[in-house]
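In: Build me a model:
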Amino acid sequence: MALVIVDAENVRRSLWPNLSKEALVARARAWAAREGHDLLIVFDGPAPEKAPDLVGSSYADDEIVRLAEAAPGPVWVVTSDRGLRARLVGHVDRVIGGGQFARSL
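Out: Next up, the predicted model:
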């Protein structure tokens with residue numbers, strides 16, 4: 001089991017039509033439950049609801065890096081953002097592309 005941190009806006013916009021915030025949350029939660037992973041979905045700006053698995057931030061990329069660095073166990077991050085991926089080197093066990101993740105939901 002890993003902590004999977006999702007770059008919400010990156011994943012939402014990786015498919016056409018774009019996923020709504022609510023659809024991303026529902027599908028990602030179902031995926032995490034099915035696969036046995038812990039989940040954190042990080043949004044640029046406010047999260048669509050108050051919940052322990054949702055994080056809203058004015059600086060989502062910085063928050064994702066902070067969360068990944070602070071996590072005690074295996075960490076996967078879902079993003080296609082090259083700059084964010086470069087910042088995560090050495091801090092995560094796996095990076096999954098946003099489109100690949102969205103299609104698996």
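In: Just the strands from this structure, written as ranges.
Out: 3-7, 38-44, 54-57, 75-78, 94-96 (DSSP state E).
In: helices and strands around the last one, which ones?
Out: Going back to what we said before, that points to strand 94-96. Judged by 3 or more Cβ pairs under 8 Å, 6 or more residues apart in numbering; DSSP states H and E, the packing partners of strand 94-96 are strand 75-78. (Glycine included, C-beta is placed from N, CA and C.)
In: Then the first one?
Out: Under the contact definition 3+ Cβ pairs under 8 Å, 6+ apart, strand 3-7 sits against helix 21-35, strand 38-44, helix 60-70, strand 75-78.
In: ok, back up a step: so can I have CSV of the strands of the chain showing mean pLDDT, mean neighbour count and distance to E69?
Out: Shown next, in CSV, are those (pLDDT from 0 to 100; neighbours: other Cβ atoms under 10 Å; distance: least, Cβ to Cβ, whole Å):
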stretch, mean pLDDT, mean neighbour count, distance to E69
strand 3-7, 98, 25, 11
strand 38-44, 98, 21, 13
strand 54-57, 98, 18, 15
strand 75-78, 98, 24, 9
strand 94-96, 97, 15, 14
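In: can you put the ones you listed in a markdown table and add distance to L105?
Out: Formatted as a markdown table, the strands of the chain follow (distance: least, Cβ to Cβ, whole Å):
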| stretch | distance to L105 |
| --- | --- |
| strand 3-7 | 10 |
| strand 38-44 | 12 |
| strand 54-57 | 16 |
| strand 75-78 | 10 |
| strand 94-96 | 12 |
